[in-house]
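Visitor: Here is my input, please return the structure:
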Amino acid sequence: MDLEEETGIKWFCPEPYANIMTDTTGSYKPCCASIGDGYEVTTKTHSPIEAMNSPKAKEFRKAFIDGKIPDACSTCVKQEQNNIKSHRQWYIDRYKQGSDDEFGSEFGFQAQKIADLAHQVKQDPNADIKPEWFHSMEHTAAGGNYCNLKCAMCAASCSSSFAKESYELNEMQGVDHFARFGKHKYQPEVNDSVHKEMDYILPRLGEIKLTGGEPLAIPYNYDLLQKAIDIGSADQQILRIITNGTLNASIKGKSIFDLIPHFRKVIFNISIESWGKKNDYIRYPSDFNTVLSNASRYADEFVNTDVTFVSTINALNIGHIDEIYLKAKQHGSDFLDSVAVSYVVQDHPTGMNVAAVPDDIKEQYLDHYFSLPYEVAKRMQPYIKLLEETVHIPSLTKLLM
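Guide: Here you go, the predicted structure:
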């Protein structure tokens, strides 16, 4: 089913109808790629379904119906303008039977529920919804922002280590984070109704998505996975873990290796920005040998796991994204094709947007891409186009430096 065609909404996104996403401050948002304050409610006061029926959430869904693209969707808009497959397009494809996505043929059976919900909202945008099925749940609020790395393109809200260093350097981001929360490592308050609603959500949930912070170091994630196992939903669910690949923690006597066999499918998205030492520089203090060793173990040890490397698109890696793609394929483990999907936006406080790349450096990057074999250069075409069309902003270069 083509959801845009079925719903009659030209720029349709299924996430406001079937996704639960909370960031590390406890704020509910339409999805992980959305920009801004989201639904303007938090886990302190609202359960997930209550958040989906907040005024801002209804306003968000109505915008699509009215043919207006919310400002929060600017990342996907930018990706699609540069022929980079956006989060929105990935989500839609998961509902197409026989699509390229590894689970499209299975999530396709749920497409009619999303379409019916969209038609219901078109009839009355102010009516409450209660989904019968949820695409995914990225419930990072309960875990908070603990992370052992301080990646160059990260944010204080997503990494306690980044927040601490930024504060010590007297940078605005770190100072503001500490002023707001009174600490670098932060875990927001979660209302009891959030935990209770998991009894309704988990049996109707297609995918549990663990992000962070660093999800494999956060105790709540292990409790959530154990609950899915205990209620009998895990063997029908996809578990997607977005990890920096540096840790194999044992929490409450369990490691992720104890939990993997209980899920129908486990996907490890290993976050890297380049291959080898360049990755260690951008994702400091990562150790790439450890990352590669853990990624290989995830891929080789279990029959129900897939492993892929994912990266942001930023000023420090835009010239060598091909290295991730090529070297992952050359490695002995059976990794899926690497992807770069998270575009660092222009107003990001680190200056890591591609517009920070000076024109003379940009020309060197383009020369490199044009020297690649045809099939590789063809795959790099979205990043070539992004380099060619992005106008250099000197102030961002200064901020980045």
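Visitor: Run a quick neighbour tally on Gly67.
Guide: Using other CB atoms under 10 Å, Gly67 has 9 other residues around it. (C-beta placed from N, C-alpha, C; glycine too.)
Visitor: That one touches Lys10, doesn't it?
Guide: Yes. The criterion here is CB atoms under 8 Å, and Gly67 meets it with Lys10 at 6.5 Å.
Visitor: now the strands: where do they sit in the stretch 251-400 of the chain?
Guide: Secondary structure of the stretch 251-400 of the chain by DSSP state E, counting those that start in this stretch: the strands cover 254-255, 265-271, 305-313, 339-343.
Visitor: right, and these - which one's nearest Gln79?
Guide: Among those, strand 339-343 comes nearest to Gln79, with 5.6 Å by CB to CB.
Visitor: Other residues contacting that closest one?
Guide: For strand 339-343, the external contacting residues (CB atoms under 8 Å, 6 or more residues apart in numbering) are 33, 75, 78-79, 84-87, 90, 308-313, 317, 321, 324, 383.
Visitor: Provide the strand pairings for that strand, with the direction of each partner.
Guide: Partner strands for strand 339-343, per DSSP bridges, with pairing direction: strand 305-313 (parallel).
Visitor: hang on, the earlier thing: show the buried residues in the contacts of strand 339-343.
Guide: The neighbour-count test (16 or more other CB atoms under 10 Å) applied to the contacts of strand 339-343 identifies 33, 75, 78-79, 84, 86-87, 90, 308-313, 317, 321, 324, 383 as buried.
Visitor: Relative to Thr45, which of the strands of the stretch 251-400 of the chain is closest?
Guide: Closest approach to Thr45 among the strands of the stretch 251-400 of the chain is made by strand 339-343 (28.8 Å; CB to CB).
Visitor: what distance separates that closest one from the centre of its chain?
Guide: Using CA atoms, centre = their mean, to the nearest Å, the distance from the centre of strand 339-343 to the centre of the chain it belongs to is 9 Å.
Visitor: Would you mind getting the angle between it and strand 265-271?
Guide: On the basis of axes from the mean of the first three to the mean of the last three CA atoms, to 10 degrees, strand 339-343 is oriented at 60 degrees to strand 265-271.
Visitor: which stretches of the stretch 51-200 of the chain form helices?
Guide: Ranges of helices within the stretch 51-200 of the chain are 55-65, 74-81, 87-93, 104-107, 111-123, 160-168, 172-181, 192-201, based on DSSP state H, counting those that start in this stretch.
Visitor: which other residues reach stretch 117-124?
Guide: Identification of contacts with stretch 117-124 by CB under 8 Å, 6+ apart yields 3, 7-9, 12, 17-18, 61-62, 65, 127, 129, 131.
Visitor: could you redo the last one with a cut-off of 10 Å?
Guide: Contact with stretch 117-124 is made by 3, 6-9, 12, 14, 16-18, 58, 61-62, 64-65, 127, 129-133, as judged by CB atoms under 10 Å, 6 or more residues apart in numbering.
Visitor: now those: which count as buried?
Guide: Here, 16+ other CB under 10 Å leaves 3, 6-7, 9, 12, 14, 16-18, 58, 61-62, 64, 129, 131, 133 buried among the contacts of stretch 117-124.
Visitor: between these, which is closest to Phe181?
Guide: Among the buried ones among the contacts of stretch 117-124, Pro16 lies closest to Phe181 (CB to CB), at 27.7 Å.
Visitor: For that closest one, which residues are in contact?
Guide: 29-31, 34, 39, 52, 57-58, 60-64, 70, 117-118, 121, 129 are the contacts of Pro16 under CB under 10 Å, 6+ apart.
Visitor: For the host helix or strand of it, give the mean pLDDT please.
Guide: Assigned by DSSP states H and E, Pro16 belongs to helix 15-18. In this model, helix 15-18 carries a mean pLDDT of 93.
Visitor: Tell me which other helices or strands the following helix or strand past it touches.
Guide: Under the assignment DSSP H and E, the closest C-terminal helix or strand after helix 15-18 is strand 19-22. Strand 19-22 is packed against strand 28-29, helix 48-52, strand 134-139, helix 192-201, strand 205-210, with contacts defined by 3 or more CB pairs under 10 Å, 6 or more residues apart in numbering; DSSP states H and E.
Visitor: would you list these in TSV and tack on distance to Glu168?
Guide: Below are the helices and strands packed on strand 19-22 laid out as TSV (distance: least, CB to CB, whole Å):
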stretch	distance to Glu168
strand 28-29	29
helix 48-52	35
strand 134-139	30
helix 192-201	33
strand 205-210	29
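Visitor: what's the most buried one of those?
Guide: strand 28-29 (a mean of 26; mean count of other CB atoms under 10 Å).
Visitor: what's it packed up against?
Guide: If you count contacts as 3+ CB pairs under 10 Å, 6+ apart, strand 28-29 packs onto strand 19-22, helix 48-52, helix 55-65.
Visitor: Need the residues that contact it.
Guide: 15-16, 19-23, 35-43, 46-48, 50-52, 54, 56-57, 60, 72, 138, 141.
Visitor: Understood, closing this out.
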